[in-house]
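>>> The amino acid sequence is not available; the structure is as follows:
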């Protein structure tokens, strides 16, 4: 039990809550799925309840909903122009889901959904899939101009285009790794410092005195983690807007 | 991440002040002036965020390393798939790994702002196009 508590990785273990196995495919309902459902319910429920009996003069909670709307809308307008607003439901859902998942992960004993790279990778594949599908649907082969920078000598063109294509394809990976690594590293750091408090505290009076330092660090890191939780959701949404901008306006 | 915020702000100012053909209109001129003044006012926020040594440093490290590693990984993956399906072992892997390395370096340079974004005119061009669309 003691090793369980100090093990910083233990919080990321997936446990099957309801075991589902369809044709050899493991479709179990895990603790990660449970928290995804919780995140979706909390987000949708909060937005619904705060805007259900909305007034012209917003209540505090209603103004939180309105602020989040304004925040994402202005981010999208800045990043992808006014045409980007057709992607507003997509970007807003993505931003709110990641933000709420990050924040819910900050509650002790709760699971952090974006701390698994497959989850963040699915998000970023969704983004890049939207960009590619929409880009080809809207612009046809003109979308490929994205990979042809202007003012490159003809001899270098194949090389440059290949590098640009790889650079484009690497976006979902760097996008997902960034969110995942920040959440994972933050939670591990937090757990390690909190673990120091426990192990130092069990060493008698001197240990308890010494445990003040990691405790202070843990408190500071908790605040930092809330910042990171918000910032990473913001970064993810901003980059989504930038990529959608490429789909809307591939180079002219 | 602070970079991207900055970049957005810069783009916003560029988009706001970037159409000299309508400069004669006094309303346009006033809006332009307002945009530059707002941008000038929002600048002091940045050093405050940068002053937080730790999140900035760590976030930057994750950002840059993920950009670089992603380029190399995609290059390796493309090379592997090419070899697998075209039977060009090991040349696909060699060539695409090198290209992936280049793409990774390009990604890092782009995210630090040392190299411009893919199509230089694209961001300001898109802002102009939006104006036309409206």
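Yep, it's here. Quick caveat: nothing in here was measured; it's all calculated off a predicted structure. Numbering: from 1, shown residues only, chains lettered A, B, ... in the order given.
>>> make it CA atoms for all contacts and neighbour counts henceforth
Will do.
>>> Need phi/psi at residue A:137.
The phi/psi pair for residue A:137 (degrees, to the nearest 10) reads phi -70, psi -40.
>>> So which bits of the longest helix along chain B are buried?
Longest helix of chain B, by residue count under DSSP state H: helix B:53-86. By neighbour count with 16 or more other CA atoms under 10 Å in any protein chain shown, helix B:53-86 contains the buried residues B:55, B:59-60, B:62-80, B:82-83.
>>> which other helices and strands contact it?
helix A:157-201, helix B:91-112 (3 or more CA pairs under 8 Å, 6 or more residues apart in numbering or on different chains; DSSP states H and E).
>>> can these go into JSON lines with extra columns for distance to residue A:65, mean pLDDT and mean neighbour count?
Output for the helices and strands packed on helix B:53-86, formatted as JSON lines (distance: least, CA to CA, whole Å; pLDDT from 0 to 100; neighbours: other CA atoms under 10 Å in any protein chain shown):
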{"stretch": "helix A:157-201", "distance to residue A:65": "24", "mean pLDDT": "90", "mean neighbour count": "21"}
{"stretch": "helix B:91-112", "distance to residue A:65": "32", "mean pLDDT": "92", "mean neighbour count": "22"}
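>>> Redo those helices as CSV? Include distance to residue A:43.
Formatted as CSV, these follow (distance: least, CA to CA, whole Å):
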stretch, distance to residue A:43
helix A:157-201, 19
helix B:91-112, 32
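>>> Among those, which comes closest to residue A:30?
Residue A:30 lies closest to helix A:157-201 among the helices and strands packed on helix B:53-86, at 18.4 Å (CA to CA).
>>> do the closest one and chain B meet at all?
Yes - using CA under 8 Å from any CA of the partner chain, helix A:157-201 reaches chain B at A:162-164, A:166-167, A:169-171, A:173-175, A:177-178, A:181-182.
>>> And the furthest pair within those?
A:162 and A:182 (29.9 Å).
>>> Could you tell me which ranges of the chain sit under the pLDDT cut-off?
With no chain named, the answer covers chain A. A:1-6, A:251-252 (pLDDT under 70).
>>> right idea, wrong chain: chain B
In chain B, residues with pLDDT under 70: B:1-25, B:42-56, B:117-134.
>>> Quickly list the domain ranges of it.
B:8-41, B:58-117 (automatic domain parsing).
>>> I'd like those domains laid out as JSON lines, including distance to residue A:158.
Supplementary listing: the domains of chain B in JSON lines, determined by distance: least, CA to CA, whole Å:
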{"stretch": "domain B:8-41", "distance to residue A:158": "30"}
{"stretch": "domain B:58-117", "distance to residue A:158": "11"}
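>>> what's the burial count for the closest residue to residue A:138 other than its chain neighbours?
Spatial nearest neighbour of residue A:138, chain neighbours left out: residue A:248 (7.8 Å); criterion: CA to CA, 6 or more residues apart in numbering or on different chains. Residue A:248: 21 surrounding residues under other CA atoms under 10 Å in any protein chain shown.
>>> tell me the phi and psi of residue A:248?
According to degrees, to the nearest 10, residue A:248 has phi -80, psi -40.
>>> Let me know the distance separating the residue located most distally from the centre of chain A from residue A:212.
Using CA atoms, centre = their mean, the residue of chain A lying farthest from its centre is residue A:205. It sits 42.0 Å away. Using CA to CA, to the nearest Å, we find residue A:205 at a distance of 12 Å from residue A:212.
>>> same thing with residue A:152?
In this view, residue A:152 and residue A:212 are 60 Å apart by CA to CA.
>>> Tell me which of those two has more neighbours.
residue A:212 (15 against 11).
>>> Please list all residues in contact with the more buried one.
When contacts are counted by CA atoms under 8 Å, 6 or more residues apart in numbering or on different chains, residue A:212 touches residue A:197.
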